[in-house]
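[1] mind folding the following:
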Amino acid sequence: MRMDKAFMERDREIFLGSVEEPMVAFSHMRALTLLQLQHTISDCTRCLRLTTYRQAIACEKVKRFRDWEYWGRPVPGFGDAQARLFVIGLAPAAHGGNRTGRVFTGDRSGDWLYEALHVFGFANQPTSIHREDGLRLNDCYVAAAVRCAPPANKPTKEEFNACRPFLQEELRLLRRVTVIVALGRIAFDEYLRTSQAMGGHVPSPRPKFSHGAAYALPWGITVLGSYHPSQQNTFTGTLTRPMFHEIFNKARKLVDQS
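    Numbering: from 1, shown residues only. A predicted model of the protein is given here:
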């Protein structure tokens, strides 16, 4: 699909809102609304390695997407501002979210995620191909621990640290969240680190990631662990659709009880 510059700018206004002077100093983030935060994330250039890589990918592209105008920027979270379910992944895919500008859109992981969200009533459709495909999330918000596509899909410790204030602010602004689904061990651990940075007392012994693990945390959130729906996990059978859907079946029940 052709994504020309005018299209991208119009869609950016719809999704991110208009902020004439985006705030980039984390000390000012308490003043942000959710739409302003999305705008701030999309303008971030704090990590030179990630900025260089995502921009290079957006210029080079791949053959099957050569007609696309790649987003090539940090990818903000997406979803319902009144969400009670928050899904956290690792980072955008180089030719998925980095291309479409929407987290978990345009790659196989997104195919699995949005299908599951649709089955359990958190999405109005089972697929997400591009930013104007009509997808709407209901009672759900989706984000990543790191907002730029990283080389070899491996962010550094410093890059996690640089992005953590964004996740903190999302969790502060999404005040109705009661359930977290963490896709993969790294996202699971990063949620706990972020909660600690916000003053949360993580129980001892520390919750350990496993697929299907559920922990009711002292600050009123239940975190569910799930294997990430990566091609490596789904092609090898480490994660099957029934396994993945059961996570969101649990999430649905917990949300409905909250």
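[2] list the residues that contact the residue nearest in space to the middle of the chain.
    Compute the mean C-alpha point of the chain, and by C-alpha atoms, centre = their mean the closest residue is residue 143, 1.8 Å away. Residues in contact with residue 143 (C-beta atoms under 8 Å, 6 or more residues apart in numbering) are 76, 77, 78, 86, 87, 88, 89, 103, 167, 170. Any C-beta I mention is one placed from the backbone N, CA and C, and that applies to glycine too.
[3] bridged to it, which residues?
    Here residue 143 sits in beta bridges with residue 88, going by DSSP bridges.
[4] now residue 123
    residue 137.
[5] separation between it and residue 105?
    Separation of residue 123 from residue 105 (C-beta to C-beta, to the nearest Å): 12 Å.
[6] now do the shared contacts for the two.
    114, 135.
[7] which of these two has more neighbours?
    residue 105 (28 against 23; other C-beta atoms under 10 Å).
[8] contacting residues around the more buried one?
    96, 97, 114, 128, 129, 130, 131, 135.
[9] what are the boundaries of the helices in the protein?
    Here the chain has its helices, by DSSP state H, at 5-16, 34-42, 48-60, 97-100, 108-119, 157-173, 185-197, 231-236, 241-257.
[10] pLDDT weak spots in the chain?
    1-31 (pLDDT under 70).
[11] now with 80, please.
    Applying pLDDT under 80 to the chain flags residues 1-32.
[12] just to revisit the earlier point, which among the contacts of residue 143 gets closest to residue 251?
    residue 87 (8.5 Å; C-beta to C-beta).
[13] returning to that earlier point: of the helices of the chain, flag the one that's most buried.
    Neighbour counts (mean count of other C-beta atoms under 10 Å) averaged over each of these peak at helix 97-100, with a mean of 28.
[14] that helix: how far from the chain's middle?
    For helix 97-100, the separation from the chain centroid amounts to 12 Å (computed by C-alpha atoms, centre = their mean, to the nearest Å).
[15] what packs against it?
    helix 48-60 (3 or more C-beta pairs under 8 Å, 6 or more residues apart in numbering; DSSP states H and E).
[16] re the thing from before, of the helices of the chain, which is nearest residue 71?
    helix 97-100 (6.1 Å).
[17] now do that closest one: everything it contacts.
    By C-beta under 8 Å, 6+ apart, the list of residues contacting helix 97-100 reads 54, 57-58, 61, 65, 68, 70-72, 75, 92, 103-107, 129-131, 144, 148-149.
[18] among the residues you listed, which are in strands?
    With DSSP state E as the criterion, strands contain residue 144 from among those.
[19] now do the contacts for the closest residue in space to residue 206 that isn't next to it in sequence.
    Nearest non-adjacent residue to residue 206, counting by C-beta to C-beta, 6 or more residues apart in numbering: residue 192, 7.1 Å away. Residue 192 is in contact with 202, 206, 207, 223, counting by C-beta under 8 Å, 6+ apart.
[20] hmm, the first one is touching residue 196, no?
    I take that to be residue 202. Yes: using C-beta atoms under 8 Å, residue 202 is in contact with residue 196, at 5.6 Å.
[21] which residues are in contact with both of those two?
    With C-beta under 8 Å, 6+ apart, residue 202 and residue 196 have no common neighbours.
[22] no further queries at this time; thank you.
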